[in-house]
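Peer 1: Starting from these lines, generate the structure:
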Amino acid sequence: MTERPGTITSTRALGVVSRRRFLAAAGGFAALGLTGCSTGRFAGSGSEPVTTSATPATPATPATGPTGTVTATTIPAGNGIAAVPGDRVLVVVNLDGGNDAINTLVPESGRYHDLRPNLALDPATLITHSSLGGHGLHPALAPLQRHLDAGTLGVVAGVGFADPDRSHFVSTDRWDRADRMDEQLGWAGRWLDTLDVELPPLGATAIGSDGRVLVGAERSGTAVGSVDAFAFPASVDHADIRRLAGGGGTAATMTEPSDALAAAARSAFLTSVGAVEDFDDIADAVRSSDGSASPRPSGPFGNGLALAAELIRTNLDTRIVTVNVNGFDTHSAQLAQHAALLDDLATGLDSFWSTLEASGDHERVMVITTSEFGRRAQENSSAGSDHGSAGLSLVMGHTVSGGLHGSIDVGRLVDGDLAPMIDPRGIFTAALDWVGGDVERILGGRWDDVALLRT
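Peer 2: Model (predicted):
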């Protein structure tokens, strides 16, 4: 997938804290010496500074978009979910490029093999389960079998907006913003704005991407490219870096400047330094797991989810983590590529969950997967599949209603695509209920068509 304009990527050659955004926000107060991408706290277009104030922001009135057969309801918040403690964590795992739902959850229909003579999976290899309604999971997802057995894995099939768009950029924006295309804020960023507590530097962290879903009006997330790309050079003393901001070295004790923009720049700079310092121990913990008796998976999902697990169990007051891995734009030679990606996803999720089970943190975590769209039902001439509409999401957690929600119905195609059955905002509604968010304020309504949480 071609990278989106404005995306911040991690690179060892970049020696600043998100240079373009920092210079725009700080008015030229450069943060020198950071290896790799730093924070994504300077959100939006980069033309105005974004503060880290704890004052809740009031989201703009949402535009009323088309919902087709999937409608929003306005029922009281809570939906029967018990009071949510403040330490619950949401993990959003994005399968960037458009995951092929049809080969992830294979339908029973014989038409599946007609549509995909080369891509169709052997039914004998599929993972079957009584909760999957006759469908079978891709064999690479075998590490998730135990979560199906435990009833803590939900499979949401046929998920997509009622008026799909096959553009990566448009569809990604719709998912990130919960289809509120009249504004630049991410749905998770709008939730961060409503929090009435101070958000720590790594309270909202995007791993492997710039975290657009975390962009809020008052708060945004910290973008971490990788374990080794979010650190100062070893030769640089952190105290010296803090002194660049002036005053006593912390946001609380530094000398109050007369210029408000300079104050914002200094505060943002120190927040960035604090995020890097907090991340040092996280990175060390992840590195130390290499070569252990039960080493973590080494793929992009394995690495990203290992970081997410450490952020959660290290007690840094992390509230949300996003993990983004690309490669799902499988226009050609799909079979091997897709199998490798799903294997990395499944082993990464299972290892992530095992880490949290060992520390006792798994009961306060919910995981959802996202992908901008699915793939066409019929394979193409390059042994791949092209951009489609409805896709598939996974939901994990000890209060998740396990098993299949929706279906993969290749007998009822719309313009060669799976018909959207479940609006993505149904998943967001459940996720926000889990963390205690004001769903109607954040999404502009409730989408309770699918019951993803046990009451």
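
Peer 1: Could you find the closest non-adjacent residue to residue 139?
Peer 2: residue 125 (4.5 Å; CB to CB, 6 or more residues apart in numbering). Quick note: C-beta positions are derived from backbone N, CA and C, even for glycine.

Peer 1: Show the backbone phi and psi for the one you found.
Peer 2: Backbone torsions for residue 125, taken as degrees, to the nearest 10, come to phi -90, psi -10.

Peer 1: number of nearby residues for it?
Peer 2: By other CB atoms under 10 Å, the residues close to residue 125 number 12.

Peer 1: thinking it is in contact with residue 140, fair?
Peer 2: No - assessed by CB atoms under 8 Å, residue 125 is found out of contact with residue 140, at 9.7 Å.

Peer 1: so what pLDDT did the nearest residue in space to residue 378 that is not next to it in sequence get?
Peer 2: Nearest residue to residue 378 in three dimensions, chain neighbours excluded: residue 115, at 4.6 Å (CB to CB, 6+ apart). pLDDT, residue 115: 97.

Peer 1: and if you look at residue 208?
Peer 2: As predicted, residue 208 sits at a pLDDT of 89.

Peer 1: Can you get me a residue count around it?
Peer 2: Close neighbours of residue 208, defined as other CB under 10 Å, add up to 24.

Peer 1: May I ask you to confirm that it is in contact with residue 304?
Peer 2: Yes - here residue 208 reaches residue 304: they are 5.2 Å apart, a contact under CB under 8 Å.

Peer 1: Spit out the residues that contact the two alike.
Peer 2: Here residue 208 and residue 304 have 323, 324, 325 as joint contacts, going by CB atoms under 8 Å, 6 or more residues apart in numbering.

Peer 1: mind checking the SS state of the first one?
Peer 2: Meaning residue 323. Here residue 323 is strand, with the state taken from DSSP: H, G, I helix; E, B strand; the rest coil.

Peer 1: Start at 367, not 1
Peer 2: That works, and once the first residue is 367, the last one we named lands at residue 689.

Peer 1: if you skip the residues just before and after it, what's nearest to it?
Peer 2: Among residues not flanking residue 689 along the chain, residue 670 sits closest, at 3.8 Å (CB to CB, 6+ apart).

Peer 1: Do you have the strands of this protein handy? List them.
Peer 2: Under the criterion DSSP state E, strands of the chain are mapped to 455-461, 471-472, 493-494, 502-503, 519-525, 570-573, 588-590, 686-691, 731-736, 757-762, 769-772, 779-780, 783-784.

Peer 1: right, so of those, which gets closest to residue 543?
Peer 2: When these are compared by CB to CB, strand 731-736 sits nearest residue 543, at 12.4 Å.

Peer 1: Closest one of the shared contacts of residue 574 and residue 670 to residue 666?
Peer 2: Using CB to CB, residue 691 comes nearest to residue 666 of these, at 4.3 Å.

Peer 1: so how far is residue 460 from that closest one?
Peer 2: Going from residue 691 to residue 460 by CB to CB, to the nearest Å gives 7 Å.

Peer 1: Report the helix or strand with the lowest average pLDDT across this protein.
Peer 2: helix 385-392 (a mean of 31; mean pLDDT, DSSP states H and E).

Peer 1: between the strands of the chain, which one is nearest to residue 557?
Peer 2: Counting by CB to CB, residue 557 lies closest to strand 686-691 out of the strands of the chain; the figure is 7.9 Å.

Peer 1: give me the low-pLDDT residue ranges for this protein?
Peer 2: Scanning the chain for pLDDT under 70 picks out the ranges 367-451, 592-662.

Peer 1: would you list every one of the helices in it?
Peer 2: Counting by DSSP state H, the chain has helices at residues 385-392, 467-470, 477-481, 511-516, 534-543, 553-560, 604-609, 626-654, 666-679, 700-725, 790-801, 805-809.

Peer 1: List of residues touching the fourth one?
Peer 2: Contacts to helix 511-516, defined as CB under 8 Å, 6+ apart, come from residues 493, 495, 497, 498, 519, 716, 719, 762, 768, 769.

Peer 1: Quick one, which of these are buried?
Peer 2: Neighbour counting by 16 or more other CB atoms under 10 Å classes 493, 495, 497, 498, 519, 716, 719, 762, 768 among those as buried.

Peer 1: so can I have TSV of those residues showing distance to residue 737?
Peer 2: Output for the buried ones among the contacts of helix 511-516, formatted as TSV (distance: CB to CB, whole Å):
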residue	distance to residue 737
493	19
495	22
497	22
498	19
519	17
716	19
719	20
762	16
768	20
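
Peer 1: Looking at these, point me to the pair that's furthest apart.
Peer 2: 498 and 719 (19.4 Å).

Peer 1: what's around the spatially closest residue to residue 570 that is not a sequence neighbour, how many residues?
Peer 2: Using CB to CB, 6+ apart and skipping the chain neighbours, the partner closest in space to residue 570 is residue 587 (3.8 Å). Using other CB under 10 Å, residue 587 is surrounded by 32 other residues.

Peer 1: what's the answer for residue 780, then?
Peer 2: Here the number of neighbours of residue 780 (other CB under 10 Å) works out to 12.

Peer 1: Counting neighbours, which bits of stretch 531-549 end up buried?
Peer 2: For stretch 531-549, by 16+ other CB under 10 Å, it's 531, 534, 537-546, 549.

Peer 1: Now do the end-to-end distance for that stretch.
Peer 2: Length of stretch 531-549, first residue to last, CA to CA, to the nearest Å: 18 Å.
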